[in-house]
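**Student:** Here's a sequence, model it:
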Amino acid sequence: MDLARRTVTRATTIRANAVRLGLVAVPAAFFALFFAYPVAAIVLRGLRDGGSWHLDRFGTVLGDGVVREVLWFTLWQAAASTALTLLIALPGAYVFARLDFPGKRLLRAVVTVPFVLPTVVVGSAFLALLGRGGLLDGLWGVRLDTSVWAILLAHVFFNYAVVVRTVGGLWAQLDPRQEEAARVLGAGRFAAWRQVTLPALAPAVAAAALMVFLFTFTSFGVVQILGGPYYATLEVEIYRQTADYLDLPAAAVLSVVQFAAVAAVLGVHARTVRRRESALRLLPPEATARPPRGAGERALLAGVLATVAALLLLPLAVLVERSFATPDGYGTGFYRRLGEADGTFAVPPLEAVGNSLSYAAVATLVAVVVGSLAAAAVARRAGPLMRGFDALLMLPLGTSAVTVGFGFLIALDKPPLDLRSAWILVPLAQALVGVPFVIRTMLPVLRAVDGRLREAAAVLGASPWRVWREVDFPLVRRALLVAAGFAFAVSLGEFGATVFIARADNPTLPVAVARLLGRAGEYNYGQAMALSTILMLVCAAALLALERLRPSRAEEF
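**Tutor:** Next up, the predicted model:
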């Protein structure tokens, strides 16, 4: 009997290890071919000369006082941006997760739009609001351009949706009766939330904070426009060293430093957050959402709506207004010119809409497949190896997009990976950024699933695929939709790497906008605003469509 039991246990272990290995294989291959290899190629080219290493360049570059100031500013502004984003967005996460109110679906889609806009466009919009002749200057004579506050507010504008969707996604599925039971036992409202709900939300809050930190740590367009000559992040300095000074060795050193800093952050996240995760009782959001009750909740809803209007909708309104403000008065002149080809584009700029949608669809498919497999593998096994694998897959968020773009051109130029002229290169670059969002969105929910459900299904003879289909998938379906939405949104707005690899006859919307902004003239600027407005509307329409296509009992995406 003992021999038979050991045989069954050994067979089960072997099957589990084989499943885990199969889940890891695809993400590992994707990461190695389309991230590690290109980045290593560009960094090695900068640190090697004639076959010999020049590691003394680290001391030269890091000994520069200007570089040390850039390093310090990059770190503290990312920490401040993350804290401010959490402070402002967590009330929004509660409102979208727990409260029902008219226009909720539309507003949830609109909240995600800022996240996909090119950074150069958002920087210009905030400059119009906060700079010379802007709204604040005109009303109160206050200017915030070339200040840290402008940068921090723009970062909150970008990342508000990350917190609302990542934290609100799990919050909407938590059983509210657990917090109610604590209140029946005598705990106050805040004490019950702090002792019951907050520990359950901790993994999702940490995941959102990690993504916001990585995005602000590598901030480029916002800092370049709003910071002016006074502030620069590592990403801005890498771009300057590469594009302005043609100093590839210095750019390589800074890329390695950025890479090491991000790896350290991911390592700390993996060691601390994993200990807080536990199986949770998850419910469909329609069972937890309800209309606001009491003056407090109504005031909270009003405050969140006011914040969204002032911080998110106002900059978007500036984009729309400027897209119609032609030299001859308000009209559609800028939009009509988008259908005409000129010296800047081999095709009319309006064709970038179709290019962006097709690229984003392919990138979303790749990101969801790769990210879902990686999240399933990491969720099924604890330990240093899987924590390290999880951290590695987050590195694209914290690696210089300039480095990745140049790396694609340098590394993927020989058979069998000669992809320089292949259309798939753009979706692959976009998927690199989408995969971490898929993982971070799905992982807290996958880890919250009670493992005994999987074990019971396996004991009853269900195959690993059937266990996933009948146990995991119904519980994580909402997270999968959220992940797909994030991947699509990120792909639509990805600019840093795409600008180096998009062909002139197939530009994406962000690339087309940047090219127009790079040319002098009121008509070029107006067309850039018109294209940005189109990008905003396309994103909102796509997110609303995803809302309506979700299953009737699917949770709120």
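
**Student:** show me what contacts the most centrally placed residue in the chain?
**Tutor:** Taking CA atoms, centre = their mean as the criterion, Phe437 is the residue nearest the geometric centre of the chain, at 5.5 Å. Counting by CB atoms under 8 Å, 6 or more residues apart in numbering, Phe437 makes contact with Met211, Ala367, Gly371, Ala483, Phe486, Ala487, Val490. Any C-beta I mention is one placed from the backbone N, CA and C, and that applies to glycine too.

**Student:** What's the separation between Val196 and Val184?
**Tutor:** The spacing between Val196 and Val184, counted by CB to CB, to the nearest Å, is 12 Å.

**Student:** got it, and Asp505?
**Tutor:** Applying CB to CB, the value for Asp505 to Val184 is 66 Å.

**Student:** Reformat the contacts of Phe437 as JSON lines; add pLDDT.
**Tutor:** Putting the contacts of Phe437 into JSON lines (pLDDT from 0 to 100) gives the following:
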{"residue": "Met211", "pLDDT": "81"}
{"residue": "Ala367", "pLDDT": "93"}
{"residue": "Gly371", "pLDDT": "90"}
{"residue": "Ala483", "pLDDT": "81"}
{"residue": "Phe486", "pLDDT": "74"}
{"residue": "Ala487", "pLDDT": "84"}
{"residue": "Val490", "pLDDT": "79"}
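
**Student:** Of the residues you listed, which pair is most distant in space?
**Tutor:** The most widely separated members of those are Met211 and Ala367, with 14.1 Å between them, by CB to CB.

**Student:** Give me the more crowded residue out of these two.
**Tutor:** Shown here are Met211 and Ala367; by other CB atoms under 10 Å, Ala367 has more neighbours (31 against 22).

**Student:** can you tell me the helix or strand for the more buried one?
**Tutor:** Assigning secondary structure by DSSP states H and E places Ala367 in helix 352-380.

**Student:** For that helix, which helices and strands make contact with it?
**Tutor:** Applying 3 or more CB pairs under 8 Å, 6 or more residues apart in numbering; DSSP states H and E, we find helix 352-380 packed against helix 2-31, helix 384-398, helix 425-448, helix 473-493, helix 509-517, helix 522-549.

**Student:** Pull out the buried positions in the fourth one.
**Tutor:** So that's helix 473-493. Judged by neighbour count (16 or more other CB atoms under 10 Å), helix 473-493 contains these buried residues: 475-493.

**Student:** Likewise for the last one?
**Tutor:** By neighbour count, and taking 16+ other CB under 10 Å as the criterion, the buried residues in helix 522-549 are 524-536, 538-540, 542-543, 546-547.

**Student:** Quick one: mean pLDDT for that helix?
**Tutor:** Averaging pLDDT along helix 522-549 yields 76.

**Student:** coming back round to it: who has more neighbours, Val196 and Val184?
**Tutor:** Val196 (20 against 10).

**Student:** can you tell me how far that one sits from Met386?
**Tutor:** From Val196 across to Met386, the span is 28 Å (CB to CB).

**Student:** ditto for Val467
**Tutor:** 19 Å.

**Student:** what do you get for Leu144?
**Tutor:** 44 Å.

**Student:** Show me the shaky parts of the stretch 51-200 of the chain.
**Tutor:** When residues are selected by pLDDT under 70, those of the stretch 51-200 of the chain lie in 51-52, 54, 131-135, 137-139, 141-142, 145-146, 179-180, 182, 185-190.

**Student:** can you map out the helices along it?
**Tutor:** Secondary structure of the stretch 51-200 of the chain by DSSP state H, counting those that start in this stretch: the helices cover 56-62, 65-98, 104-116, 119-130, 135-140, 148-171, 176-184, 189-192, 198-217.

**Student:** Let me know which of those helices is the nearest to Trp423.
**Tutor:** So among those, helix 104-116 is nearest, using CB to CB, at 20.8 Å.
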